[in-house]
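> What follows is a predicted structure for the sequence shown.
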Amino acid sequence: MPVAHPSPAPLKNLPDNGRIPLVKVNELFFNYHDGLPALRGVSFAIRRGEKVALVGPNGAGKSTLMLHLNGLLGGEDTPVAVGGMDLSKKNLPLIRAKVGLVFQNPDDQLFSPTVFDDVAFGPLHMGFSEEEVRQRAAKALAQVGVSDLSRRLSHHLSVGQKKRVAIATVLSMDPEILVLDEPTAGLDPRGRRDLINLLRDLPLTMLVSTHDMRLVHELFPRLIILDEGLIVADGATADLLADSPLLEKHGLEAV
């Protein structure tokens with residue numbers, strides 16, 4: 001089991017040009033149970049409307065970082081804020097609704113008898129009425145273009161269909177930011193293109209961890225490079241992808 005760093009730094013004001021960032025992380029540390037550092041003082045802010053790619057070699061800490069954003073890792077003293085709210089026990093249900101986390105393997109999120117049941121699960125457990133749950137599930141399925149699959153068994157779907165349904169399961173909770181881990185992994189070229197088009201059209205703030213550098217180049221204006229638990233670069237995607245020595249140093253390939 002991973003364990004949190006014993007004394008994370010308190011949140012500080014990061015530059016936000018007069019606006020509160022949607023997500024703010026400041027000096028986030030995290031160690032695994034064997035003492036190996038996973039995150040070593042990670043700080044960044046994401047503003048509403050930004051689409052941000054998170055890249056780095058395997059073991060860089062990307063998935064660990066993403067799991068902190070809605071409290072799946074860390075504790076009440078985790079230096080993360082979402083929508084101006086510190087990540088605390090009191091705020092955790094609200095933050096988990098605001099941060100729509102989509103895992104790399106969609107089977108980790110699909111466990112109900114039908115696609116509709118999977119997408120309705122979140123709103124149902126948020127206490128909405130039956131009519132509101134149905135409306136939210138129908139809207140989310142329509143957003144990802146799989147309304148016709150609502151009565152299908154989730155485990156009978158293709159990988160691309162499962163990925164869309166997994167995204168719908170978080171869209172049904174009306175998140176303010178989508179956080180996706182390797183969304184194009186395991187997809188054939190058509191499925192990959194369909195997913196890219198879907199992500200482009202969704203009017204949501206996004207943080208996406210990926211090894212797909214063509215996806216990064218095509219879809220994300222901002223790029224964060226994480227390596228060995230540290231942010232080593234954070235800037236305009238075009239500029240960072242043009243820096244071949246930087247990419248090579250951190251195990252990445254230019255498009």
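That came in fine, so what should we check first?

> okay, CA-based contacts and neighbour counts for the rest of this
Fine.

> ok, Leu204 - contacts?
Contact analysis of Leu204 by C-alpha atoms under 8 Å, 6 or more residues apart in numbering lists Arg48, Gly49, Glu176, Ile177, Leu178.

> out of those, which are buried?
Arg48, Glu176, Ile177, Leu178 (16 or more other C-alpha atoms under 10 Å).

> Could I get those in a markdown table, plus columns for pLDDT and secondary structure?
Putting the buried ones among the contacts of Leu204 into a markdown table (pLDDT from 0 to 100; DSSP: H, G, I helix; E, B strand; the rest coil) gives the following:
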| residue | pLDDT | secondary structure |
| --- | --- | --- |
| Arg48 | 94 | coil |
| Glu176 | 95 | coil |
| Ile177 | 96 | strand |
| Leu178 | 96 | strand |
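
> can you put the residues you listed in JSON lines and add distance to Arg190?
As requested, the buried ones among the contacts of Leu204 are exported to JSON lines (distance: C-alpha to C-alpha, whole Å):
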{"residue": "Arg48", "distance to Arg190": "30"}
{"residue": "Glu176", "distance to Arg190": "28"}
{"residue": "Ile177", "distance to Arg190": "26"}
{"residue": "Leu178", "distance to Arg190": "22"}
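
> which pair in the residues you listed spans the largest distance?
Using C-alpha to C-alpha, these span at most 11.2 Å, a distance reached by Arg48 and Leu178.

> Quick one: distance of stretch 124-131 to the chain centre.
Put simply, stretch 124-131 sits 24 Å off its chain's centre (C-alpha atoms, centre = their mean, to the nearest Å).

> do stretch 50-69 as well
8 Å.

> before we move on, what about stretch 232-252?
On C-alpha atoms, centre = their mean, the centre of stretch 232-252 falls 21 Å from the chain's centre.

> do the same with stretch 137-154
That offset, for stretch 137-154, works out to 21 Å (C-alpha atoms, centre = their mean).

> What mean pLDDT does it get?
Across stretch 137-154, pLDDT averages out at 95.

> Over to stretch 34-46?
Mean pLDDT, stretch 34-46: 93.

> do stretch 93-104 as well
92.

> And that stretch, end to end?
Start-to-end span of stretch 93-104 (C-alpha to C-alpha, to the nearest Å) is 22 Å.

> Same question for stretch 140-151.
14 Å.

> Show me what counts as buried in it.
For stretch 140-151, a neighbour-count test (16+ other C-alpha under 10 Å) marks Ala140, Leu141, Gln143, Val144, Val146, Ser147, Leu149, Ser150 as buried.

> was I right about the fifth one contacting Val165?
Yes - in this structure, Val146 is within contact of Val165 by C-alpha atoms under 8 Å, at 7.4 Å.

> thinking again about what came up before, which of the buried ones among the contacts of Leu204 lies closest to Asp117?
Distances from Asp117 to these, taken by C-alpha to C-alpha, are shortest for Leu178, at 20.7 Å.

> That closest one touches Arg96, doesn't it?
No - counting by C-alpha under 8 Å, Leu178 does not reach Arg96; the two are 11.0 Å apart.

> Show me where the stretch 1-150 of the chain has its helices.
Taking DSSP state H, counting those that start in this stretch as the test, the helices found in the stretch 1-150 of the chain are 62-68, 92-98, 115-125, 130-143.

> for those, which one sits closest to His155?
Nearest to His155, of all the helices of the stretch 1-150 of the chain, is helix 115-125, at 9.1 Å by C-alpha to C-alpha.

> What are the buried residues along that closest one?
So, applying 16+ other C-alpha under 10 Å, buried residues of helix 115-125: Val115, Phe116, Asp117, Asp118, Val119, Ala120, Phe121, Gly122, Pro123, Leu124.

> just for the stretch 51-200 of the chain, where's the confidence low?
In the prediction, the stretch 51-200 of the chain carries no residues with pLDDT under 70.
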